[in-house]
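Engineer: sequence first, then the predicted structure:
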Amino acid sequence: MGTPNPLEPELTNHASRPEKKSPGIRRRLARQGWAFALPALTIIAAITIFPILYSIIVSLNHITFTSQGYHFHWVGLHNYSVIFSNPLYRYSLFFTVIYTVVTVFIELVAGLLIALVLDKLIAGRGLMLAVLLLPWSLITVISAEMWNYIYNGVYGVLNALLIGIGILHTPVVWLGRPLIAIVSMMFADIWKTTPFVAIILLAGLQMIPHELYEAAEIDGANGSARFWRITFPLLRPTIALSVLFRVLQAFGIFDLPFVLTQGGPGHATESLALLGWQVMFQDLNMGRGAAIAASTTLIVLFASLLVLRAFRAQVGEEDLG
Amino acid sequence: MRKTKTALLIAASTTMPALLLSACGQTPTQGAASPSSGVVTITWYAGPITGTGVRSTLISKFEKSHPNIRVKLISAPTSTNTDRANLTAEISGGASTPDVFNGDVIWPAQFGHAHLALDLSHHLPKSFFNRFAPGLAAGASYKGQEYGAPLFMDAGFLYYRKDLLAKAHLPVPKTWSQLYQDSRILQQKKLVRYGYVWEGNSYEGLTCDWMEFMTDAGGKIFSNASLTHSVIDSAASLKALTFMRKLITSGVSPSSVTTFEEPQAMAVFDAGNSAFLRNWDYAWSNSNDPKVSKVVGKVGVAPLPTFSQSQYPGYSNIGGWDIYVNPHSQHISQDLTFIRWMTGTQAQTILATKYSEIPTNYAVQKNPAVRRVNPVLNIVSKVRLVPRPSGTPSYPKISQAIYTNINSALTGSISPTAALKKAQTQIDRAVSSNSL
């Protein structure tokens, strides 16, 4: 951070140009801007804000189904006090947090390594990118079904492979024991989303100007110094972005446990989203399901703020420019 | 600052699928109603029954005899829980379609209680329900009202390899210990890889298998008819669970049986890798289908074994599907005509003879001509049936308390004693108001 960023004048050049206009024109432009954005904003509000508010209202009620539709009975925070004192909810929260932290951390490290290699790659980068994107482009339900076959305890590929090369002697039930099931599921997630992280980071890497590295080389900086003094600081906003995306996705994980384990063995892989679905659409307890959903949203918003805060210095610097 | 706001928006929009789903359920969709033209189209939500051809065969036969009603099929998933989630979201939101839907036999209490299924007793004469085999109409009722018409029934059966038993000069096992011994013998003689495959995954199917083992050992889920206090934590249950665990630890069942649902168990048996299989009625036609099975012609079917010989045959869990009417349907009278026809002799004979389903229509079930075609029908009348405790709207939670804990014990994560204790606590909580 100590090094002044020579990029800034160039980056902020475009953004600062409108500032030279008179306040009146700026205000009119802003009004026009709002007018143009309004239809899009209305749609966004309709599909995001409304369901969230509605969900919060539902979570404060006990819902009974009548022949005329839902009947709302106000219970205040009762649903929340029930879910927070429920051991299954607490376990689900614990599982979801651990799952998010572990997968996002590994994906970030692995994704960064891949991005660094790709950045240096001269020939065949396009091909490598295409290959890398395959896991990411598969619909999760389909890739999860694929992993289901790989992990299958009787005719699974993984057991056949490991027994074939002599690592295992008896087949392992990959999804049958809690710890192995959790690790297997994390692996499937990491396999799928590491490329996504790698590609976002690669874009960030390519925005770092080469002159910086040349200058550093002339000054005699070695590889690790170049990484920690140039690459990493300049990559921080991109890292923040990819971590944010991944935390949001991982925290709402539903499709993988839905296909692979249905939350089992026992409740070992029951994520908050799966629990919410179960309570809402299997037990038809709308109020408590909504409380699970709303609490999850609040927790992940808080987590997002933490992530942003951790990278705030860098983000703030950009805005100041 | 701008970035923070964007981030919040992204966070809000991507987190919870359940959140969005809850809103989707609110949108009422209107059926394609055109009463003026004289021809009415009703939609039927149904999963593939024994194959994808059944439904269109039935529809075309129905339309031929009812020219004023067209039936539009909405193909549903095979998973009962996914079906329930779809239907709940649509119907609770006031959608008028689907007009009629196939649903699990364990749904009447929950769907009746939540007004997700039409109370048929108000629209059909009492005599209508006399057509069904004994007990079936009672199974589709909740608080004395009928919410579904039984479409086809099902039960757990023991499928065995005739050729292997003959090779080892063994009779068809009548007790669980006999099945265990036979399996060991067949495995030791290297005739087959596994002895017995069944449904052990953490899901509804394990509750079915559990009901059979537990009831046979003398256990119960509830002591009273009002379903308020669980007695699952009993010596009889422990005997059943210990035996199930022994099947796995001894290698008679593969350890991955704890991840098996019907298709996985079926596949192992079809591949010739297991001597015995617990499965539903469809396993008969499936194991005799040369396209998927290597054991065509080598399979026999019998009632499930029991813990003590004097009690033979063992208990079979009642499965099967009912046909329900959406209470918001705009074509109730056409829906009822369709239901009458589907449970009548023509449709039920087609289901039984062409698609090897067990008919619910008693006259068809007893018809000797039908029985000759479907050998499973001969056994149905012999088995002892046990229902799941589905007479309460809390049933999904009760079942979940059963299958998650039994599954944990089967995998060895917790002891059978601890699993039963936990199951009992969770069932008690499920029927109280303090559950999730």
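Structural biologist: Right, received. Where do you want to start?
Engineer: name the nearest residue to B:Asn361, sequence neighbours excluded.
Structural biologist: Nearest residue to B:Asn361, sequence neighbours excluded (C-beta to C-beta, 6 or more residues apart in numbering or on different chains): B:Gln348, at 4.0 Å. Bear in mind the C-beta positions are built from the backbone N, C-alpha and C, glycine included.
Engineer: who are the contact partners of the residue of the stretch 201-321 of chain A found nearest chain B?
Structural biologist: Here the stretch 201-321 of chain A gets closest to chain B at one residue, A:Gly264, 2.8 Å apart by C-beta to the nearest C-beta. Contacts for A:Gly264 (C-beta atoms under 8 Å, 6 or more residues apart in numbering or on different chains) come out as A:Leu175, A:Ala181, B:Asn201, B:Ser202, B:Tyr203, B:Thr404, B:Asn407.
Engineer: tell me, how many residues neighbour the residue nearest to B:Asn361?
Structural biologist: B:Gln348 has 26 neighbours, counted by other C-beta atoms under 10 Å in any protein chain shown.
Engineer: now A:Thr194
Structural biologist: Residues lying near A:Thr194 (other C-beta under 10 Å) number 24.
Engineer: so which strand or helix has residue 290?
Structural biologist: Going with chain A. helix A:286-310 (DSSP states H and E).
Engineer: you looked at the wrong chain, it should be chain B
Structural biologist: Applying DSSP H and E, one finds B:Pro290 in no helix or strand.
Engineer: phi, psi of B:Gly272?
Structural biologist: phi 80, psi 20 (degrees, to the nearest 10).
Engineer: quick one: residues contacting it.
Structural biologist: Contacts for B:Gly272 (C-beta under 8 Å, 6+ apart) come out as B:Arg161, B:Val192, B:Lys294, B:Val295.
Engineer: one more pass at 10 Å, please.
Structural biologist: B:Arg161, B:Asp163, B:Leu164, B:Val192, B:Arg193, B:Ser293, B:Lys294, B:Val295, B:Lys298 (C-beta atoms under 10 Å, 6 or more residues apart in numbering or on different chains).
Engineer: these two touch, right, the residue nearest to B:Asn361 and B:Lys354?
Structural biologist: No - B:Gln348 is beyond contact range of B:Lys354, at 11.1 Å (criterion: C-beta atoms under 10 Å).
Engineer: give me the pLDDT for A:Ala144.
Structural biologist: pLDDT for A:Ala144: 93.
Engineer: surely it is in a helix?
Structural biologist: Yes - the assignment for A:Ala144 is a helix, going by DSSP: H, G, I helix; E, B strand; the rest coil.
Engineer: circling back to that earlier point, chain A: which of the contacts of B:Gly272 is nearest?
Structural biologist: Minimum distance to chain A across the contacts of B:Gly272 is 8.8 Å, recorded for B:Arg193 (C-beta to the nearest C-beta).
Engineer: the closest one: how many residues sit nearby?
Structural biologist: Neighbours of B:Arg193 (other C-beta under 10 Å): 16.
Engineer: show me what contacts whichever residue of the stretch 151-300 of chain A sits closest to chain B?
Structural biologist: Evaluated by C-beta to the nearest C-beta, the stretch 151-300 of chain A has A:Gly153 as its residue closest to chain B, separated by 2.2 Å. Taking C-beta under 10 Å, 6+ apart, we find A:Gly153 in contact with A:159, A:171-176, B:254-260, B:264.
Engineer: can you check B:Ala275 too?
Structural biologist: B:Ala275 touches B:159-161, B:163-165, B:168, B:170, B:173, B:179, B:182-183, B:185-187, B:191-197, B:252, B:269, counting by C-beta under 10 Å, 6+ apart.
Engineer: if we can go back for a sec, in ChimeraX, how would I select the buried members of the contacts of B:Gly272?
Structural biologist: Buried members of these, defined by 16 or more other C-beta atoms under 10 Å in any protein chain shown, are picked up in ChimeraX with:
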select /B:161,163,164,192,193,293,295,298
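Engineer: in space, not sequence, find me the middle residue of chain A.
Structural biologist: A:Arg246 (1.7 Å; C-alpha atoms, centre = their mean).
Engineer: thank you, goodbye.
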